[in-house]
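**Q** Below is the structure, and that's it, no one-letter string:
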């Protein structure tokens, strides 16, 4: 399956949660999508169904494909620590997500595009792979000739959130990935234990 590029509100309605951020259309229609919408009588979901939905929600939130997600999970199982937490830490360390967290792009999809179009550097070298794994101590920045891009300047101007595991230099358009975040520092509403249970079957 290719990466989803359809209506984001539809996905938010599917999971009954605005997973892509504030969405005025979701607020108007906060019921499941489909022609029956509000009136659809749904039977109680199975344990497997709940676990699968949680995994799908995580994939859509971070914009990952199934193969990428599964490979990241396998990598998490080989590392020390709680597998679910390590999984989220590895996903948070993806370059596209780090760009989004710094505020260089307003969405993760926008961050992927900036990386793919060679506007981003890691430790001074241009990297065009959105899934590139950023490590503690790495310095992520905007390429010199890309600093005047309207999409980047507008996004940074409206940057509101800052995170304890990231350090941003507004003057140099550079940010440092200090460490992997603790679970309580990651704001996404994901029950990672359900994902671990699903893959462990």
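**A** Received, thanks. What you see is a predicted model; the values in this text were computed from it and never measured.

**Q** Next, the nearest residue to residue 195 once chain neighbours are set aside: phi, psi?
**A** Sequence neighbours aside, residue 55 is the residue nearest to residue 195 in space, at 4.8 Å (criterion: Cβ to Cβ, 6 or more residues apart in numbering). From N, CA and C alone the C-beta is placed, and that goes for glycine too. For residue 55, the backbone dihedrals (degrees, to the nearest 10) come out as phi -70, psi -40.

**Q** Contacts only, for residue 55.
**A** 69, 194, 195, 198, 199 (Cβ atoms under 8 Å, 6 or more residues apart in numbering).

**Q** Could you list the low-pLDDT ranges of the chain?
**A** 1-42 (pLDDT under 70).

**Q** Could you rerun that using 50?
**A** For the chain, the stretches flagged by pLDDT under 50 are 1.

**Q** the helices in it, which residues?
**A** Per DSSP state H, the chain carries helices over the ranges 8-14, 24-28, 47-62, 66-77, 83-92, 95-102, 108-116, 150-157, 192-199.

**Q** Neighbour-wise, give me the winner out of the contacts of residue 55.
**A** residue 195 (25 neighbours; other Cβ atoms under 10 Å).

**Q** Looking at the contacts of residue 55, which is nearest residue 48?
**A** residue 198 (7.4 Å; Cβ to Cβ).

**Q** tell me the contacts of the closest one?
**A** 48, 51, 52, 54, 55.

**Q** The first one and residue 194, how far apart?
**A** When you say that, I think you mean residue 48. 10 Å (Cβ to Cβ, to the nearest Å).

**Q** can you check the last one too?
**A** Note on residue 55: its distance to residue 194, by Cβ to Cβ, is 7 Å.

**Q** And for the fourth one?
**A** Summarising the geometry, the distance separating residue 54 from residue 194, computed by Cβ to Cβ, is 4 Å.
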